[in-house]
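A.B. asks: With the input below, show me the fold.
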Amino acid sequence: MSHSHSHNHAHTHDLNGRNLIISIALNIAITIAQIIGGVLSGSLALLSDALHNFSDVVSLLISYIANKLVKRKASLKRTFGYKRAEILAAFINASTLIIVAVLLIIEAAERFQSPQQIEYNLVIWLSIVAILGNGFSVLLLKKNADDNMNMKSAYLHLLTDMMASVAVLVGGLLMKFYQIWWIDSVLTFAIAIYLIWMGFDLLKASTKVLMLFTPDAIPIDDIVNKLNGFDAIKNVHHVHVWQLNEEEIHFEAHIDFEKDILLSEFDVILNKIEEFIYHNYDINHVNIQPEFSKTDAKDIIVQD
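C.D. replies: Prediction:
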């Protein structure tokens, strides 16, 4: 038996989809310009920024598809619908951030050993264009980045790329006024380290959700101890807590009752349990299996 406290997020998802489309278009234009500029100028930093921008396009497309999939209704074949699509998108996007970073480190190490003279004026102007384009995209996605893992992954891609473009601009200015050609490789390396740092936390968070780990903010021992204090409840055991997506946390448990109660009595207790868990721990899906004198394992966590 279960209960759900749900909210309508359709309008938010529509806005997310529109903002993602605008960001995709901007990043396609920036990527093309940077690839051409990087080849003409000989700048590895500019080409690495173009590669990152291309990964932005891919990540934004993944986020957009996930944003659309999550709206699809549940069915007999997919009883949860596509509610995990955005979490999967966040995992993929975080992974690509780290992969791109490793490739940049390899390229930067090779270029550092043999620095090349670079057409700095082209680097400077294209980095300014990238800063403006990515900056606008960052503002579009920032509002929803805090409460949606999928949007956060897209936001991080764009934010890191904007920061990378700032680094490329600084490098271009140093090359123009001081002829410091090796700065191109150093900035590429710095961009890569920043990508790994930003991507790791998101990769870890999305992995925890996909692996059905207990959310960090949910103290299972505390919940069980307090439920054991409810009238008529003898023991709470065989507990599972997992996060389905950004909006849903599920709690599942077996409850041993002191006596053989009526179903109507159980409904009253169940309602109290649901309200207590929702208001104290923000868990909005509760599934309870009632038991009386059943000889099963009574541990909080039972190895299934």
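
A.B. asks: pLDDT wise, what is the closest residue to L40 other than its chain neighbours at?
C.D. replies: Among residues not flanking L40 along the chain, L122 sits closest, at 6.1 Å (C-beta to C-beta, 6 or more residues apart in numbering). Just so you know, the C-beta spots here come from the backbone N, C-alpha and C atoms, and that holds for glycine as well. On pLDDT, L122 comes in at 84.

A.B. asks: Surely L122 is within a helix?
C.D. replies: Yes: using DSSP: H, G, I helix; E, B strand; the rest coil, the secondary structure at L122 is a helix.

A.B. asks: Please list all residues in contact with it.
C.D. replies: Counting by C-beta atoms under 8 Å, 6 or more residues apart in numbering, L122 touches 37, 40-41, 43, 46.

A.B. asks: One more: I220?
C.D. replies: Neighbouring residues of I220 by C-beta under 8 Å, 6+ apart: 214, 239, 241, 300-301.

A.B. asks: are any of those buried, and which?
C.D. replies: Those of those that meet the buried threshold are 214, 239, 241, 300, by 16 or more other C-beta atoms under 10 Å.

A.B. asks: can you list contacts of stretch 123-140?
C.D. replies: Here stretch 123-140 makes contact (C-beta under 8 Å, 6+ apart) with 19, 22-23, 26-27, 29-30, 33-34, 37, 41, 43, 45-46, 49, 53, 56, 155, 158-159, 161-162, 165-166, 168-169, 171-173, 175-176.

A.B. asks: And for stretch 46-60?
C.D. replies: With C-beta under 8 Å, 6+ apart, stretch 46-60 has contacts from 20, 23-24, 27-28, 30-31, 34-35, 37-39, 92-93, 96-97, 100, 103-104, 107-108, 122-123, 126-127, 130, 134, 153-154, 157-158, 160-161, 164-165, 168, 188, 191-192, 195.

A.B. asks: secondary structure class for E274?
C.D. replies: Recorded secondary structure, E274: helix (three-state DSSP).

A.B. asks: ditto for W242
C.D. replies: Look at W242: counting by three-state DSSP, its state is strand.

A.B. asks: Could you list the buried residues of the longest helix along the chain?
C.D. replies: Longest helix in the chain, counting residues (DSSP state H): helix 10-41. Going by neighbour count (16+ other C-beta under 10 Å), the buried part of helix 10-41 is 12-13, 16, 19-20, 23-24, 26-28, 30-31, 33-35, 37-38, 41.

A.B. asks: Can you add pLDDT, distance to F80 and secondary structure and give the contacts of I220 back as TSV?
C.D. replies: Below are these laid out as TSV (pLDDT from 0 to 100; distance: C-beta to C-beta, whole Å; DSSP: H, G, I helix; E, B strand; the rest coil):
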residue	pLDDT	distance to F80	secondary structure
T214	96	19	coil
V239	97	20	strand
V241	97	16	strand
I300	95	25	coil
I301	93	23	coil
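
A.B. asks: quick one on the thing from earlier: chain center to the longest helix of the chain, what's the gap?
C.D. replies: Remark: helix 10-41 is offset 19 Å from the chain centroid, using C-alpha atoms, centre = their mean, to the nearest Å.

A.B. asks: by contact count, what packs against it?
C.D. replies: If contacts are counted by 3 or more C-beta pairs under 8 Å, 6 or more residues apart in numbering; DSSP states H and E, helix 10-41 sits against helix 44-69, helix 120-145, helix 149-178.

A.B. asks: nearest to F257, of those?
C.D. replies: For F257, the closest of the helices and strands packed on helix 10-41 is helix 149-178, at 38.0 Å, according to C-beta to C-beta.

A.B. asks: now the angle from that closest one to helix 10-41?
C.D. replies: If you take axes from the mean of the first three to the mean of the last three C-alpha atoms, to 10 degrees, helix 149-178 sits at 30 degrees to helix 10-41.

A.B. asks: Can you name the residues that contact D260?
C.D. replies: By C-beta under 8 Å, 6+ apart, the residues touching D260 are 292-293.

A.B. asks: My impression was that it belongs to a strand - is that right?
C.D. replies: No: read with three-state DSSP, D260 is coil and lies in no strand.

A.B. asks: I'd like the helices and strands packed on helix 10-41 as a markdown table, with distance to K272 appended.
C.D. replies: Listed next are the helices and strands packed on helix 10-41 as a markdown table, based on distance: least, C-beta to C-beta, whole Å:
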| stretch | distance to K272 |
| --- | --- |
| helix 44-69 | 36 |
| helix 120-145 | 34 |
| helix 149-178 | 32 |
